[in-house]
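*Asks:* I need the structure of the sequence given here:
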Amino acid sequence: MRGSEFADLRAFATIVAYGTFARAAVQLSVSPSALSQTIRGLEARLGVRLLNRTTRSVSVTDAGSRLYARLKPVLEELEAAVADVNDLRERPAGTLRLTSSRVGAERFLAPILGPFHRAYPDIVLDTTVDDVVRDIVAEGYDAGIRLGEMISDDMVAIKLGGSLRQVAVATPEYLDRHGVPQHPRDLLDHACINWRWTETGRIYHWEFQEPGGDWFSVAVKGPIIVTDRSMVLAAALQGVGIALWLEDRILPYVKDGRLVPILEEWSGAFPGFFLCYPKQRHTPLPLRVFTDFMRATYG
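*Replies:* So this is what the prediction gives:
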């Protein structure tokens, strides 16, 4: 088999694995148009259609499914063989693609950037930071930092830091004017500062826990909706309304008297952040040293 034929087969397998030409193109570092041309050439040589393509979707034909089923274990074995050789390098090297929420990156990535680079100067951390809950496998990431409730069962999860609480807060002036809610459902009669999920457009429903009991949510309303949590605190500090945010983030403003915590008995603790990555037979060395470094730093 010529080198180009192997590359074409790998390109086909990557498209199937990632579900779209665009995602596969990112993984292979080529343009979607070049990748499409590669597949057309492969199909012409084989004399069968492997993929059904429209402007919006890609599906695998019966012939493509049969080919992928045979290719997948072979490619995995080749990748594992190369990884075994790379493990013999004197210094770990390569690129790690990471995804993290803004808070997760600020808490757990930003503090280790310098120390990790000094320890492993040949590893590149290619990091996407936003509040989109990304599909780590489908989008070609090696690992992610996210809340425990957002991690699927097929992922390895390493705990980072302790549990967290969200606490509702408002300025003393706001509470003097509008009164202090005694139950989370009283928030329906107040101006609340809302946060919207970027990828779905859905407004986050505030979550509370019955004292010693079950969790429930309240769909609050108010004059401001944001996609950046830092704006939530800014609005609350200016007296716009009530905000719900992480306890350690509001603590400095509570200590100086600018914000007052409310409904604390309804603010339950939840597991917090984890470093997660897909379960796999062979963990690449750069990922292995990164997870060990994070575990040693935050474990």
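
*Asks:* Specify the residue ranges that define each domain of the protein.
*Replies:* Per the record, the chain has its domains at 3-86, 94-162+272-298, 164-270, by automatic domain parsing.

*Asks:* Switch the ones you listed over to TSV; also include mean neighbour count.
*Replies:* Backbone N, C-alpha and C define where each C-beta goes, glycine included. Formatted as TSV, the entries for the domains of the chain read as follows, by neighbours: other C-beta atoms under 10 Å:
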stretch	mean neighbour count
domain 3-86	15
domain 94-162+272-298	17
domain 164-270	16
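
*Asks:* As a markdown table, those domains with mean pLDDT would be great.
*Replies:* What follows is the domains of the chain, written out as a markdown table (pLDDT from 0 to 100):
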| stretch | mean pLDDT |
| --- | --- |
| domain 3-86 | 85 |
| domain 94-162+272-298 | 91 |
| domain 164-270 | 94 |
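
*Asks:* Distance of S217 relative to V232?
*Replies:* Separation of S217 from V232 (C-beta to C-beta, to the nearest Å): 17 Å.

*Asks:* what about the helices in the stretch 51-200 of the chain?
*Replies:* 62-86, 102-104, 113-119, 172-178 (DSSP state H, counting those that start in this stretch).

*Asks:* which residues sit against the third one?
*Replies:* Residues from elsewhere that reach helix 113-119 (C-beta atoms under 8 Å, 6 or more residues apart in numbering): 123, 125, 290, 293, 297.

*Asks:* Make JSON lines from these and add distance to V180 to it.
*Replies:* Written out in JSON lines, the entries for those read as follows (distance: C-beta to C-beta, whole Å):
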{"residue": "I123", "distance to V180": "51"}
{"residue": "L125", "distance to V180": "45"}
{"residue": "F290", "distance to V180": "46"}
{"residue": "F293", "distance to V180": "45"}
{"residue": "T297", "distance to V180": "40"}
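
*Asks:* nearest to G239, of the residues you listed?
*Replies:* Sorting these by how near they are to G239, with C-beta to C-beta, puts T297 at the top with 38.9 Å.

*Asks:* Surely the closest one forms part of a helix?
*Replies:* Yes - under the criterion used here (DSSP: H, G, I helix; E, B strand; the rest coil), T297 sits inside a helix.

*Asks:* what's the closest non-adjacent residue to it?
*Replies:* Spatial nearest neighbour of T297, chain neighbours left out: I112 (5.8 Å); criterion: C-beta to C-beta, 6 or more residues apart in numbering.

*Asks:* which ones are touching A7?
*Replies:* Here A7 is in contact with T38 (C-beta under 8 Å, 6+ apart).

*Asks:* Check R185 too.
*Replies:* R185 makes contact with V218, according to C-beta under 8 Å, 6+ apart.

*Asks:* so the residue nearest to T297 touches M294, yeah?
*Replies:* Yes - if you go by C-beta atoms under 8 Å, I112 and M294 touch, sitting 7.2 Å apart.

*Asks:* that older thread, nearest to P252, of the contacts of helix 113-119?
*Replies:* For the contacts of helix 113-119, the minimum distance to P252 (C-beta to C-beta) is 23.9 Å, reached by T297.

*Asks:* if I look at the closest one, how far off is F108?
*Replies:* When distance is defined by C-beta to C-beta, T297 is 8 Å away from F108.
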